[in-house]
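*Asks:* Fold the following for me, if possible:
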Amino acid sequence: MFEIKRGEKIAAIAIVITACLALVKGLAGYFCQSSALFADAFHSGADVLAISASWLGLKLVQKEATRKFPFGYYKAETLAALFISLLIVFAGWEMLMEGYHKFFIISHLRFPIIGMVVSLISSLISLFLFSIEKRAGNKINSQSLRASADEQRIDVVSSLVVFISIGMTAWKIPYIEGVVIILTAFLIFKIGFQNGMRAVYGLMDANLHPELETDIKNLIIMTPEVTDLSRLKIRQAGPFVFAEATIKVKKSADIVRAHTISEIVEKKVKERLPIVESVIVHVEPYRSSNRRILIPTEEEKGFESEVSNHFGRAPYFAFVDVEGNQILSTTFKENPFRNKKIHAGLSAANDVVKEQIDALVTQNLGEISFHTLRDHLVEIFLTRGTTLKEVVKNYLTENLEPLTHPTHSSEKEGEDFISEVNKRAVGLRNRGMRKRYLLERLASIGEGEFKE
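*Replies:* Numbers count the residues shown, from 1 in each chain. All right, here's what the predicted structure looks like:
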């Protein structure tokens, strides 16, 4: 909110300066008997109201949400922008009428040089205000401050028109003054209409940022855990943008994991795109028609291969790629961790997730391996069938039972290993050799096995 506060401060400064300009132009118009300068003073008075509306809108934006306004006061700023646009159109209408009357009369001025100097100084000050308001409006994405800046730009032009008209009136040149004023009035109408339509679209929750929508889409799709983005809606409320996305994640993701993914998406979008105030993420389960299934086997004999009852110590891994109910390809990979003393399952799990598998079919799976695979959103099923052909068929016909928890604890492999070491140590001839053997084995575990 710091930048919004800064925009509010700039609007307050602009109010004071513009009010002083209106007073000076009014006094100069009275002293010089210039109706054009009077009209410009009236225009500056309308600017004071416009900038005041912008200031009020920016102030309301910073208010905390209440029970009556649970979504905050962000649209107050958009409403202020609409009000400013109406004032701009009104100023254009007044200038159009002034230009029309100039066709029929020639003003008689007193001290035209004073009116010309006041108009020129007014134009330069308005140019300064336009610059700081436009810069601040773009920085904080403030519709009302940008609309106010456009009003200041009109002031630059209108003051120059008054400068020219006073000079032409002093030289008794007819019609030129009226033509210039009418052309300027049409320019004012255009700016007022454009800002007004943008404010109306904002109040109707229209998508005003197609480029921003593309940036948000790319950030969401690039999130590894997100499988697909099915819908994205964005809307603007005051200086901020609100987004609502529906993403798809793998069906194996539980509620906690899905919530974590949605938080990752929200954090990424808000960090990369500060203009986005809020991202609401809906998560839907998704299973792609193209999937890669992993099945541990005892041998490498194609679809006649015998299925292994173990995961981490299976001799081979069969990778079966399917599309819908059609088998695309089958490849085998030797398990390099089958003879590892402990944590063979964990090592195998970390290795196979690199193959981008979507599902694992196995009879037994340890606690650490189970959670490692689930963290990578891998679906896990219990084996049904003795050959690779039977297991794949049951998977495609959805006749496999999901494995929802590990089949044994993470300590079992370690216990088996310690038991084996103890048996070997007992076979040694003396106590000293047994002690040295045990220390060497424990040292090897600390240096190698447990580092995983």
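*Asks:* Give me the three-state assignment for Glu225.
*Replies:* The assignment at Glu225 comes out as coil when based on DSSP: H, G, I helix; E, B strand; the rest coil.
*Asks:* oh sorry, the question was meant for Ala318
*Replies:* Per three-state DSSP, Ala318 ends up strand.
*Asks:* For Ile125, see how far away Ser44 is.
*Replies:* Note on Ser44: its distance to Ile125, by CB to CB, to the nearest Å, is 10 Å. In short, each C-beta sits where N, CA and C put it, glycine included.
*Asks:* Common neighbours of these two, please.
*Replies:* Common neighbours of Ser44 and Ile125 (criterion: CB atoms under 8 Å, 6 or more residues apart in numbering): Leu21.
*Asks:* Which one of these two is surrounded by more residues?
*Replies:* Each of Ser44 and Ile125 has its neighbours counted (other CB atoms under 10 Å); Ser44 has more, 27 against 19.
*Asks:* got the contact list for the more buried one?
*Replies:* The contact partners of Ser44, by CB under 8 Å, 6+ apart, come to 18, 21-22, 25, 122, 155.
*Asks:* again with Leu49
*Replies:* So Leu49 contacts Leu87 (CB under 8 Å, 6+ apart).
*Asks:* which SS class is the most centrally placed residue in the chain?
*Replies:* In the chain, the residue lying closest to the centroid (CA atoms, centre = their mean) is Val269, at 3.4 Å. Recorded secondary structure, Val269: helix (three-state DSSP).
*Asks:* And the contacts of Ser44, which is the shakiest by pLDDT?
*Replies:* pLDDT across those is lowest for Asp155, at 84.
*Asks:* Surely that one and Ser119 touch.
*Replies:* No - with contact defined as CB atoms under 8 Å, Asp155 does not reach Ser119; the gap is 10.6 Å.
*Asks:* hmm, back to that, just send the contacts of Ser44 back as a markdown table, with distance to Tyr100 too.
*Replies:* Formatted as a markdown table, the contacts of Ser44 follow (distance: CB to CB, whole Å):
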| residue | distance to Tyr100 |
| --- | --- |
| Thr18 | 26 |
| Leu21 | 25 |
| Ala22 | 23 |
| Lys25 | 21 |
| Ser122 | 23 |
| Asp155 | 21 |
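*Asks:* isn't Lys25 right next to Leu37, touching?
*Replies:* Yes - assessed by CB under 8 Å, Lys25 is found in contact with Leu37 at 5.7 Å.
*Asks:* Name the residue in these two with the higher neighbour count.
*Replies:* More crowded of Lys25 and Leu37, by other CB under 10 Å: Leu37, with 31 against 27.
*Asks:* Could you pull out the strands in the stretch 301-450 of the chain for me?
*Replies:* Here the stretch 301-450 of the chain has its strands, by DSSP state E, counting those that start in this stretch, at 316-323, 326-334, 359-362, 379-382.
*Asks:* Ok, which of the ones you listed comes nearest Arg291?
*Replies:* The closest of the strands of the stretch 301-450 of the chain to Arg291 is strand 316-323. By CB to CB, the value is 5.5 Å.
*Asks:* Export the closest one to CSV, keeping only CA atoms.
*Replies:* C-alpha atoms of strand 316-323 as CSV (Å, rounded to 0.1, in the frame of the first residue of the first chain):
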residue,chain,number,x,y,z
TYR,A,316,14.1,-55.3,-13.6
PHE,A,317,11.7,-52.4,-14.1
ALA,A,318,9.2,-52.5,-17.0
PHE,A,319,8.1,-49.2,-18.3
VAL,A,320,4.8,-49.4,-20.2
ASP,A,321,3.6,-46.4,-22.2
VAL,A,322,-0.2,-46.3,-22.9
GLU,A,323,-2.6,-44.0,-24.6
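*Asks:* just to revisit the earlier point, overlap in contacts of Lys25 and Leu37?
*Replies:* Residues touching both Lys25 and Leu37 (CB under 8 Å, 6+ apart) are 118-119.
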